[in-house]
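Q: Structure of the sequence below:
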Amino acid sequence: MSITIVENESVFDLTASQRVIRQILLKPDSVIGLSTGRTTKNMHRKIVEQHHRTPFDVSHVTFFGLDEVMNVPRTYAGACYTMLKTELIDDLGIDNAHFLMLPTMSSDWEKDCKTFVDSIEARGGIDLLILGLGENGHLGFNQPGTPFESVAWTTRMNDELEARIRQETQTPLSLSLGGVTLGIKDIMHARKIVLVAKGAHKADMVRSMLYGPVSRAVPASVLQLHPQCEFLLDAAAAKFVKR
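A: Alright, predicted model coming up:
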């Protein structure tokens with residue numbers, strides 16, 4: 001594994017965006033997985049800015065989202081589909097055929113999960129996967145305790161996030177909310193991974209991820225075993241990293 005530490009947020013966002021752009025330039029038909037959240041939002045904006053400033057060909061790239069919120073409208077602002085469309089996909093002019101997402105609603109989640117994974121594999125598998133780090137060590141919606149052999153599946157989300165989404169979408173208690181996500185096994189099959197983390201609130205978990213035992217209790221710890229994973233951290237998140 002490799003560890004890259006940058007000293008400020010603007011350099012962090014630019015460095016993260018360059019990982020994606022470099023992959024596209026090296027392989028124009030790359031399959032690239034994206035994550036949503038506060039850590040990646042500005043990275044997406046930087047990709048768009050650089051594309052507008054110095055255009056590069058994205059017509060053959062396939063982008064996909066790592067996970068999705070279950071049982072909410074796709075138009076909900078907090079749906080991963082909507083966030084990625086707003087932050088990156090639409091501004092790059094990516095068509096629907098080159099943007100793969102898990103559904104927000106389904107009558108057969110198992111079938112749709114398999115279809116999603118099959119679609120990625122049909123395009124050659126994951127060339128680059130950008131991952132965020134959950135404060136409890138989760139990857140996507142793979143919460144602590146998730147088996148490492150898991151493949152795309154439906155799971156729970158943390159209580160605070162579920163309560164916020166339920167309130168924002170006015171979802172009744174009779175309808176379960178959760179997350180649908182690529183599994184740990186799917187994640188580990190990516191040829192290259194960049195795990196991005198910033199902020200002092202992530203420092204303890206970064207230490208557990210990098211130096212603790214590989215354990216289901218910290219799903220991100222499994223990345224210690226990946227042959228080509230880069231951990232991209234800002235100085236605050238890297239507080240306990242051995243320089």
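Q: At the geometric centre of the protein, which residue do we find?
A: Within the chain, one residue has its C-alpha closest to the average C-alpha position: by CA atoms, centre = their mean, that is residue 35, at 2.4 Å.
Q: is it true that that residue touches residue 131?
A: Yes: proximity of residue 35 to residue 131 meets the contact threshold set by CB atoms under 8 Å, at 5.7 Å. C-beta here means a position set from N, CA and C on the backbone, and glycine is covered the same way.
Q: which residues are common contacts for the two?
A: Taking CB atoms under 8 Å, 6 or more residues apart in numbering as the criterion, residue 35 and residue 131 both touch 66, 140.
Q: From the centre of the chain, give me the residue that's furthest out.
A: Of all residues in the chain, residue 174 sits farthest from the chain's C-alpha centroid, using CA atoms, centre = their mean; the distance is 28.8 Å.
Q: did I read that right, that residue in a helix?
A: No: with DSSP: H, G, I helix; E, B strand; the rest coil as the criterion, residue 174 is coil rather than part of a helix.
Q: Roughly how far does it sit from residue 166?
A: Per CB to CB, to the nearest Å, residue 174 is found 11 Å from residue 166.
Q: hang on, the earlier thing: quick one, grab the pLDDT at the residue nearest to the centre of the chain.
A: We note a pLDDT of 98 for residue 35 in this prediction.
Q: And for residue 15?
A: The score at residue 15 is 98. That number is its pLDDT.
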